[in-house]
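Colleague: Got a sequence here, can you build the structure:
(one chain, ligands or ions: 1)
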Amino acid sequence: MSEVIAPESGSSIDAIENHYGTGNDYFALWLGKTMAYSCALWDDNNPDQSLDDAQLAKIIHHCDESHARNSQRVLDIGCGWGGVMQHLVDHYNVKSVTGLTLSESQKDWVNNGTEKRIESRLESWKDHQPDAPYDAIISIGAFEHFAKLGMSSEEKIAAYREFFLKCHAWLGSRGWMSLQTVAYGNSLTEDFDEFISSEIFQETDTPKLHEIAAGCERLFEVVRLRNDRDHYRRTLRMWYTNLRARRDDAVRMKGEEEVKRFERYLRLMAYMFEVGGLDLHRITLRKIDQPKSSA
Ligand SMILES: C[S@@+](CC[C@H](N)C(=O)[O-])C[C@H]1O[C@@H](n2cnc3c(N)ncnc32)[C@H](O)[C@@H]1O
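Modeller: Next comes the predicted model:
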């Protein structure tokens, strides 16, 4: 692999706060009980399934795929409002979960609880220095922030490699990792409305599948990969419906223009998943203990 140095690669703390700091109470209006802000796992045979039920199924999927049950230490990279962390300690007998986020309001939401087995840190994975190995790693909906628009494919791969090298170093022998990310599907960067990159997710570029594969090759074996792009269409539609149902409250909190912006973003993204411009990958990875060097 060529030696490309990743520049200041991912979204900055300001770019993250610009979106996720919109307000915990605002997101709580439409995300549902789990506060999960990522694609749910839907039962394709059940058109009446609730969002909360599908979000729980997603959480269970990642807890299972990361083999976290009965673990001492689990890391959640991009932990959001902590739904996975809470589930791990409540239902998977995990002793301690560390979550990383770049959003102060998310960190406070998690740490304001009385739960001592989970801790959210305002810290990028780039700066994380654990004092002991992890038994399992979960990362849902954060990988999209690890590169930004304008980076070449080689630079993106270098940034993803840096991420996977760290995860590899932090995991115990043959450890498991469960990753979920949006990726480009049948689309090019220019197919996307600039509105998303300038007003919603600044300093962000989603990966292409081959870039994820190049980032993790000879570090992790890919055990399973599923593309659930229609699940994200369904999730975004539900968020949109929920926001519309609580529109008066949302406007009182954030004002008409901000709510319109969110409505437009949720509709646009749902469309991109519907037509296959975006994919949603859930990837189960297992650490290769002795990676071969290309040198
Ligand atoms: C779309 S949210 C997903 C949150 C959560 N995993 C979920 O499914 O609800 C993306 C998360 O990634 C975090 N994030 C983005 N870049 C990060 C970085 N470099 N280090 C740690 N967390 C990061 C954000 O702060 C946010 O918590």
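
Colleague: show me where the stretch 101-250 of the chain has helices.
Modeller: Assigned by DSSP state H, counting those that start in this stretch, the helices in the stretch 101-250 of the chain fall at 104-111, 153-170, 194-195, 209-216, 229-245, 247-254.

Colleague: Check which helices and strands the shortest one sits against.
Modeller: When contacts are defined as 3 or more C-beta pairs under 8 Å, 6 or more residues apart in numbering; DSSP states H and E, helix 194-195 packs onto helix 256-274. Yep, even glycine has a C-beta here, placed from its N, CA and C like the rest.

Colleague: buried ones in the helix it packs on?
Modeller: Neighbour-count burial for helix 256-274 flags 259, 261-263, 265-266, 269-270, 272-274 (criterion: 16 or more other C-beta atoms under 10 Å).

Colleague: for that helix, packing partners?
Modeller: In terms of contacts (3+ C-beta pairs under 8 Å, 6+ apart), helix 256-274 is packed against helix 194-195, helix 229-245, helix 247-254, strand 278-287.

Colleague: Contact residues of this structure facing the ligand?
Modeller: Within the chain, the positions adjacent to the ligand are 10-11, 16, 20, 36-38, 77-80, 100-103, 106, 124-125, 140-142, 145 by C-beta under 6 Å from any ligand atom.

Colleague: Kindly recompute the last result at 8 Å.
Modeller: By C-beta under 8 Å from any ligand atom, the residues of the chain that approach the ligand are 10-11, 16, 20, 34-38, 58, 76-81, 83-84, 100-103, 106, 123-126, 128, 139-142, 144-146, 180.

Colleague: hang on, the earlier thing: out of the helices and strands packed on helix 256-274, which is the most enclosed?
Modeller: Neighbour counts (mean count of other C-beta atoms under 10 Å) averaged over each of these peak at strand 278-287, with a mean of 22.

Colleague: quick one: strands adjacent to it?
Modeller: Pairing partners of strand 278-287, with direction, according to DSSP bridges: strand 171-184 (antiparallel), strand 220-227 (antiparallel).

Colleague: nearest to Met238, of those?
Modeller: strand 171-184 (16.8 Å; C-beta to C-beta).

Colleague: Could you tell me the angle between that closest one and helix 229-245?
Modeller: 70 degrees (axes from the mean of the first three to the mean of the last three C-alpha atoms, to 10 degrees).

Colleague: Now do strand 171-184 against helix 153-170, angle only.
Modeller: Using the same axes, to 10 degrees: strand 171-184 against helix 153-170 is 150 degrees.

Colleague: I'd like the average pLDDT over strand 171-184.
Modeller: Taken as a whole, strand 171-184 carries a mean pLDDT of 98.

Colleague: Also stretch 41-59?
Modeller: 98.

Colleague: Tell me which residues touch Val94, please.
Modeller: Val94 is in contact with 68-74, 88, 117, counting by C-beta atoms under 8 Å, 6 or more residues apart in numbering.

Colleague: and if we set it to 7 Å?
Modeller: 68, 71, 74, 88 (C-beta atoms under 7 Å, 6 or more residues apart in numbering).

Colleague: show me the contacts for the nearest residue to Asp228 once chain neighbours are set aside.
Modeller: The shortest distance from Asp228 to any non-neighbouring residue, by C-beta to C-beta, 6 or more residues apart in numbering, is to Leu280 (4.9 Å). Taking C-beta under 7 Å, 6+ apart, we find Leu280 in contact with 39, 182, 227-229, 231-232, 273.
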